[in-house]
Structures are given as C-alpha cells and as structure tokens.
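Engineer: Need coordinates for the below:
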Amino acid sequence: MHWFASRIYFPIRAGAIVLCLLFCDFAQAENWPSWRGPRQDGTSLEIGLPVKWNKTENVLWRTPLPGPAASTPVVWGNRIFLTSVEGEALILLCIATDGKILWKRSAGTGNKKARTDEGNFAAPSPVTDGHHVWAFFGSGDLTCFDFDGNQIWKTNLAERYGKFNLYFVMASTPLLLKDRLYVQLIHSDASIVLALQKANGREVWKQERRSDARDECKHSYASPVLYGDDKRKYLLIHGADYITAHRLEDGSEIWRCGGLNPPESYNPSLRLVATPVALPGLIVVPSAKNGPVLGLKPDGSGDITRAKDQYQWRLSQGTPDVPSPLVQNGLVYLCRENGDLNVVDARSGESIYLEHTFRGRHRASPVYADGKIYLTARDGVVTVVKAGRKFEILSQNNIGETISASPAISSGIIYIRSYEALYAISSPGQ
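Structural biologist: Below you'll find the model as predicted:
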C-alpha cells in the first residue's frame, strides 16, 4: 500500500550540504568519521574507486586484527580507528593509512558473544571529530582518547543507568554532534535517550522514552540519527516498536510513529536493528522480519501513526532486517538479509525493481560512491551494483572472510573490516 503526499524536497542530494557542514572538513579529502560516513547516510563523494578485488588483487594492504567484531572503522586524515576484542579485553585501535598499527588501548574487559559469532561487545562503531575519538562497547564502557592514544576520560553507562538486558548485545553507536554525544539505551529494563558532554562524559540531559512494546520488541540495536534541514534539526530514536523525534536542547519528544509492529499481527520477537536514514524532506524508517517501511515527512507533531498526511509513502512489507536503508539521487535502496535488493522511488515509494544479488546473509549496511552501490555479505562477498533505475551487477568480490561491518571510504580507498583483518582496497595508481 502507498500513501502519497504533495510535497518533498528534491533532488534528495540537495540537502547534503546541511549535514556535511556538521560532519565534514572540506579542507581535506573526505573523511569517514562515523559508521555511516560524513553525512550519516552511507554515501561518499569519492571517485575512482575499485570495482573488482579479491584477497590479493587491488589490495593495498591487509592488517591482521586481534579479534572479531562487527564495528565499522572510522577514518580521519591519515588515521583509522576501530574497536575490537582481544580475548576478554575490549580495545580501541589506531591504524595509519599505510596499514601500520600506531597504538592499541584497553577500554574494558569482560567480552560477551551473541549466537557464537553473531556479535560481541565490540559491535558499536567509534566516532571522531578529528581531534578525539570516542568508543562505546556492549559492556557499557564509553571512553575518549586523543589521536596520540592518551585517554581523556572513561565511564560506564551500564553502571550509571542500569545493566543492559538484551537478547543479543548492545550495538548502538553514539551520535556525535558539536559538543555532545547522543546515546540511546533501549532494552528490557530501560528505554532512555541521553545527551552527554563529549569533553568529559557528563550528563547534559536524560529523557525517558515511553513504549508499549513487549517481550523482545523492547530491545533496540539501532543508532541515533540527526534530522536536519533549513527549518529544523532534531534527534531520531528507533526502537521498541516506534520511531521518535526529540529536541536536541532537552530531549523532549516532538513526535512519534508506530505501525512498525502492527497490533493485529504483533510479533513478540520483532526487535529493531536497522537504523533509519534521514535527509531533508524525507525520513526512511525500516522495521524487521519483512515488515513495513515508512517514508515519513519531517514536520510532524504528537503521535503521527495514523496521520496519513505525515507519510510520503508506506510499504506494507519488504524492509531490511539489519542493513540500514540508503537513499541516493531520488532512489531508496533496501538490502534484504538474503541479498535481495529492493529499490523504490523516494517520492512515491513505487517499486523500481526487486532483484537478487548474492545469496548470502547480509548484515552490513549498503554504501554508495562513484555511481555504485556496495552490498556486503557475511561470508566475505561484496556485490557492486550500478546505481540507478536499471539493475546491473558490476562485480562480486570475495575475500573469503566473515564480514559484518559496513565498508568505510576515504581518499579513494575502500576499507573493509573482516573478523580477521582490516583491508585497504584501492585501484592501481591510487
């Protein structure tokens, strides 16, 4: 079913400048400062990227890692940061863009695995502002280091706000915006949103987030997102059957939308993992387990679940389960867990195509760069699809190692983090 509306800001990419001012440094090659990149939407402006590679071809370098993790590396200038486990230790690594490990620091102990190798306490990705890097772990440990590896501060959010109670492990990545870190802690024993001072980890505000979710649906593995246009900026929180919008100043709720787990067919194990994507005029909201996808307008107030005029469109099914949506040049790319690529029109939600890519389990979120969509499967296969309304697979590239992390792109290089190593993929001459 589609719900249509009269207006949305297009072209989609026109609003990228608003978010880029918050996350980019135009004086340098484009950095990748958070798990979804400089615009928090999985897109890169880099060109000349490789289309084909394997374990050795077009590999600039491969650096072995001390343990497995699903966190995405972040890149600033000539430094790469990523979290990992090393036995029971939780660590933050700094790697130079030539592949050399510059430093390794402990951030906590007591790792926990989920479903053998489905995840661990190094699931959240780090975030950086070019001067410091912040790392959050499923243990609740949250720490800040400078680029030389000096620890600035450390705290534990599970000790401060209550032990995390989830079926899997806490995987939410903090959102860094100006002088604050925004964190969502949504699990069986708590549903709160936090703003912390990035300089010292002290609480700026704490907002309780109400929900009537039950059972495993109380759990969220999604990450906070910023919505921003020339009229408004606010925080988006996804979990426990709802997406909610919160004021940056104090965390108070602006609007909420349900319908992600309809009461008439309620699924008690429908936990939200995929993170929404927001761009001026449109918020794309995934659910889970082949549930609905919402295309929401940003100017709502109160409970908009049944307010049809607040929907740009609504798909009754076809959501990604874990990979987050990607929007580029008026198209919404939805990568299903089984590798099906569902592409819809960003204005109307009308189907453009639904095609098979690689029949493997997809946990990483899709990334766009240089006219291509990169889709990453857990068994190490990255399918490169030509962006646009016509489906075309350009290549399928296999490194033969487990991957759950999303790719990162900076300075003409694709960084792929497997459970075994960090790869720098580059075209000849880069």
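Engineer: Please name the residues that touch R361.
Structural biologist: The neighbours of R361, taking C-beta atoms under 8 Å, 6 or more residues apart in numbering as the test, are E337, N338, A377, R378, D379. Every residue, glycine included, has its C-beta placed from N, CA and C.
Engineer: In the residues you listed, which residue is surrounded by the most others?
Structural biologist: A377 (25 neighbours; other C-beta atoms under 10 Å).
Engineer: Any figure for the gap between that one and W103?
Structural biologist: In this view, A377 and W103 are 32 Å apart by C-beta to C-beta, to the nearest Å.
Engineer: Put together TSV for the contacts of R361, with pLDDT on each row.
Structural biologist: Formatted as TSV, the contacts of R361 follow (pLDDT from 0 to 100):
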residue	pLDDT
E337	93
N338	95
A377	97
R378	95
D379	94
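Engineer: nearest to L394, of those?
Structural biologist: A377 (15.7 Å; C-beta to C-beta).
Engineer: wouldn't that closest one be in contact with Q396 here?
Structural biologist: No - between A377 and Q396 there is no contact under C-beta atoms under 8 Å: 9.2 Å.
Engineer: Quick check: neighbours shared by those two?
Structural biologist: Common neighbours of A377 and Q396 (C-beta under 8 Å, 6+ apart) are F358, T383.
Engineer: hang on, the earlier thing: out of the contacts of R361, which comes closest to I91?
Structural biologist: Out of the contacts of R361, the member with the shortest distance to I91 (by C-beta to C-beta) is R378, at 22.7 Å.
Engineer: which SS class is the closest one?
Structural biologist: Under DSSP: H, G, I helix; E, B strand; the rest coil, R378 falls in the coil class.
Engineer: repeat for K112
Structural biologist: Strictly by three-state DSSP, K112 counts as coil.
Engineer: quick one: contacts for it?
Structural biologist: N120, F121, G138, S139, V169.
Engineer: ok so the fourth one is a helix residue?
Structural biologist: No - with three-state DSSP as the criterion, S139 is assigned coil and is not in a helix.
Engineer: burial count for it?
Structural biologist: Other residues close to S139 by other C-beta under 10 Å number 22.
Engineer: so where do the helices sit in the stretch 251-400 of the chain?
Structural biologist: With helices called from DSSP state H, counting those that start in this stretch, the stretch 251-400 of the chain shows none.
Engineer: Do you have the strands of it handy? List them.
Structural biologist: Remark: strands assigned in the stretch 251-400 of the chain by DSSP state E, counting those that start in this stretch are 253-257, 277-279, 282-285, 293-296, 302-303, 311-315, 326-328, 331-335, 340-345, 351-356, 367-369, 372-376, 381-386, 393-398.
Engineer: I figured R62 was touching S426, is that so?
Structural biologist: No - at 11.9 Å, R62 does not count as touching S426 under the criterion of C-beta under 8 Å.
Engineer: For stretch 312-331, the averaged confidence score.
Structural biologist: Mean per-residue pLDDT for stretch 312-331: 97.
Engineer: Extract the CA atoms of that stretch and return them as CSV.
Structural biologist: Output in CSV follows, covering the C-alpha atoms of stretch 312-331 (Å, rounded to 0.1, in the frame of the first residue of the first chain):
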residue,chain,number,x,y,z
GLN,A,312,5.2,10.4,2.0
TRP,A,313,4.6,6.7,1.4
ARG,A,314,4.3,3.4,3.2
LEU,A,315,5.3,-0.1,2.1
SER,A,316,3.4,-2.9,3.9
GLN,A,317,6.4,-5.2,3.6
GLY,A,318,9.9,-5.6,2.2
THR,A,319,12.0,-4.0,5.0
PRO,A,320,15.7,-4.8,5.5
ASP,A,321,16.2,-6.7,8.7
VAL,A,322,19.7,-5.5,9.7
PRO,A,323,21.2,-3.4,6.8
SER,A,324,20.1,0.2,7.1
PRO,A,325,18.4,2.0,4.1
LEU,A,326,20.3,4.0,1.6
VAL,A,327,18.9,7.0,-0.4
GLN,A,328,20.7,8.4,-3.4
ASN,A,329,19.5,10.5,-6.3
GLY,A,330,15.8,10.0,-5.7
LEU,A,331,16.0,6.3,-5.1
